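>>> Let's see this in three dimensions:
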Amino acid sequence: TLIIVVIILLLIAGGAYWYLFWYGPGNTITPVVTGNNRPTGFRPFGTSTPIDNGNATTDNTSPDEIPVNNIEPGTPIPKLRLLSNSPVGGYGANTTAQTTFIRWIDRGRGNIYEARKDSGTITTLSNTILPKMYESVWNRNLNAFIGSILDEESLPNTLYAEIKISSARLTTNGQSNASSSQTIRPEIDVTPYELKGKNLPKNMIGYAVSPDGKQIFMLVNESNNGIGYIANFDGTSVKKIFTTPLTKLNVEWPETYTIGLTTKGTASEPGFLYFVNPKTGQWKKILGPIFGLSTKVSHDAKYVIFSATGRNQTLVTSIYPIGKNTPVDPMVKTLVDKCAWGNFHKNVVYCATPVDISLATYPDDWYRGSVSFTDKIWQIDATNGEVHLVADIVDESDRLIDAFNLGLDSEDSTLIFMNKNDLSLWSYDLFAK
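So this is what the prediction gives:
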């Protein structure tokens, strides 16, 4: 009888362990909201209607209050450029034959701004009110995005939005346009565009845009299971590709036939990286078990840069060539949340690397904000681990910058990043002399 009781207790303990492993709490990032812009009466918007705050409204911010950093005409554009002093809710970048464009969303108001590499002027594209936008991904043409906002109960809500020519442009003398519910007052400075869109599925765990910018991968929590869907970027033509018991996952879509799924990193649990074929839904384990695992996959899916919890409260960073047993030591130590792979040079990764790394529990303490870094930007060649110092961004900016959410334009000419300390937005010209 005693033996049976012991066996039952062991089974219960084992079941509890695996339940916590698969469904236990993971890392959450608390969105930062600034300003007195609580959305009174905000209601989710429907398909093909203007995003609104009860009624469609515009932001009457005067030019002196615009939270962007214009450069005076005739003043040289610096290599390290502050784009927005105000917290941003995500950005997109692309290079055309003319120049490099960067568009972003103001986190507090929802305004859309645009900066050009060849101009010191920052343009307000849209002032449709869309508050509490804390992250977004953009299509290749930068005319639409998928974003996450917080509703009145501070719950995440995912939406699709397009940047459309403003109907207010057709309205003069305070007359209401027949195709719009907005009444434009003559004294308001009308922006050239407005936002129109629709809600995407609730309970979104994560989403990632395809390399060509035409599709979106969505991971949705349905009955405590993770359901993977592929859809057009606007959320149409939805196709289910897999079901998994995992719900604490970070997602990316680095290469046409590869979706990367990494269990959310924490020092207390082993993490895994899986590749999923978006056509077939087939899974393949790439890395794990590794405690504190965080990953970024190169855009040809040949390399993975990963960070992990080291011994004695230290941090480990390595590059793993897919299909090979020997990782590459890049000689820099950082969290891969502070890295971005090249789009053009796919074997090159850029990382914001701390000048000093204090003893802490990584990555948890950095996620919680218990520790902060001051960074330099390094370029790493994944083929041999060689590193090259790109910029000492603290010296060049005269600010304490803990960089994250790094990205590059399609030609790898401009590096964009946010400062975790204040959520400001920056760019660095990689081609400038």
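
>>> Do I have it right that residue 261 meets residue 273?
Yes. Residue 261 is within contact range of residue 273, at 7.3 Å (criterion: Cβ atoms under 8 Å). All C-beta atoms are positioned from the backbone trio N, CA, C, and that covers glycine.

>>> Which one's more surrounded, those two?
Taking residue 261 and residue 273 together and counting by other Cβ atoms under 10 Å, residue 261 has the greater number of neighbours (25 against 22).

>>> ok, what's across the strand from that one?
residue 251, residue 274 (DSSP bridges).

>>> what about it, distance to residue 77?
According to Cβ to Cβ, to the nearest Å, residue 261 stands 39 Å off from residue 77.

>>> What degree of burial does residue 408 show, as a neighbour count?
With other Cβ under 10 Å as criterion, residue 408 counts 25.

>>> I'd assumed residue 340 was in contact with it.
Yes. With contact defined as Cβ under 8 Å, residue 408 reaches residue 340; the gap is 5.8 Å.

>>> quick one: least confident helix or strand in the chain?
Here the helix or strand of the chain ranked lowest by mean pLDDT, DSSP states H and E is strand 49-50, holding a mean of 35.

>>> Which neighbouring elements make contact with the next helix or strand along the chain from that strand?
Downstream of strand 49-50, the first helix or strand assigned by DSSP states H and E is strand 80-84. Judged by 3 or more Cβ pairs under 8 Å, 6 or more residues apart in numbering; DSSP states H and E, strand 80-84 is in contact with strand 100-106, strand 112-116, helix 393-397, strand 425-429.

>>> between strand 80-84 and strand 112-116, how many degrees?
160 degrees (axes from the mean of the first three to the mean of the last three Cα atoms, to 10 degrees).

>>> tell me the mean pLDDT over strand 80-84?
Averaging pLDDT along strand 80-84 gives 97.

>>> outside of that strand, which residues touch it?
With Cβ atoms under 8 Å, 6 or more residues apart in numbering as the test, strand 80-84 has contacts from 67-69, 71, 102, 104, 106, 113, 115, 122, 391, 393, 396-397, 424-429.

>>> Only C-alpha atoms, please: export it in CSV.
Extracted C-alpha coordinates of strand 80-84, given in CSV (Å, rounded to 0.1, in the frame of the first residue of the first chain):
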residue,chain,number,x,y,z
LEU,A,80,23.4,58.4,-35.8
ARG,A,81,20.0,60.1,-36.0
LEU,A,82,17.3,60.6,-33.4
LEU,A,83,14.0,60.1,-35.2
SER,A,84,11.5,60.3,-32.4
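
>>> Show me where the stretch 301-433 of the chain has its helices.
Ranges of helices within the stretch 301-433 of the chain are 364-368, 393-397, based on DSSP state H, counting those that start in this stretch.

>>> Save those helices as CSV, and put in mean neighbour count too.
CSV is the format used below for the helices of the stretch 301-433 of the chain (neighbours: other Cβ atoms under 10 Å):
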stretch, mean neighbour count
helix 364-368, 18
helix 393-397, 16
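
>>> Out of the ones you listed, which is closest to residue 415?
Nearest to residue 415 among the helices of the stretch 301-433 of the chain is helix 393-397 (9.9 Å), distances taken as Cβ to Cβ.

>>> And that closest one, what does it pack against?
Contacts defined by 3+ Cβ pairs under 8 Å, 6+ apart place helix 393-397 against strand 80-84, strand 375-381, strand 425-429.

>>> List the neighbouring strands of the second one plus their orientation.
Each strand that pairs with strand 375-381, with its direction, by DSSP bridges: strand 348-354 (antiparallel), strand 387-391 (antiparallel).

>>> pLDDT (mean, whole number) over stretch 404-417?
On average, stretch 404-417 scores 97.

>>> What residues sit buried inside it?
Within stretch 404-417, the residues scored as buried using 16 or more other Cβ atoms under 10 Å are 404-409, 411-417.

>>> Filter those down to the ones in strands?
Residues of the buried residues of stretch 404-417 located in strands (DSSP state E): 404-408, 414-417.

>>> could the residues you listed be laid out in TSV, adding distance to residue 366?
Output for these, formatted as TSV (distance: Cβ to Cβ, whole Å):
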residue	distance to residue 366
404	9
405	13
406	15
407	19
408	23
414	26
415	21
416	20
417	15
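
>>> wait, which of those residues is closest to residue 360?
Of all these, residue 360 sits closest to residue 404, with 16.2 Å by Cβ to Cβ.

>>> thought the closest one was touching residue 363?
No. When contacts are counted by Cβ under 8 Å, residue 404 is not listed as touching residue 363 (11.3 Å).

>>> Where does the prediction get shaky in the chain?
1-68, 168-189, 433 (pLDDT under 70).

>>> What secondary structure category should be reported for the residue lying closest to residue 213 once chain neighbours are set aside?
Closest residue in space to residue 213, ignoring its immediate chain neighbours: residue 140 at 3.1 Å, by Cβ to Cβ, 6 or more residues apart in numbering. Here residue 140 is coil, with the state taken from DSSP: H, G, I helix; E, B strand; the rest coil.

>>> change the start of the numbering to 12 and stick with it
Okay, using 12 as the starting number, the last item reads as residue 151.

>>> What is the neighbour count of residue 151?
Using other Cβ under 10 Å, residue 151 has 16 neighbouring residues.

>>> Would you mind measuring from it to residue 84?
From residue 151 across to residue 84, the span is 31 Å (Cβ to Cβ).

>>> what does residue 375 give?
Residue 375 sits at a distance of 47 Å from residue 84 (criterion: Cβ to Cβ).

>>> Contact partners for residue 315?
Residues near residue 315 by Cβ under 8 Å, 6+ apart: 284, 297-298, 306-309, 330-331, 333.

>>> Identify those among those residues that sit within strands.
Counting by DSSP E, these contribute 284, 297-298, 306-308, 330-331 to strands.

>>> hang on, the earlier thing: so which of the buried residues of stretch 415-428 comes closest to residue 368?
Using Cβ to Cβ, the buried residues of stretch 415-428 come closest to residue 368 at residue 415, 15.2 Å.

>>> mind listing what the closest one touches?
348-349, 363, 428-429, 431.
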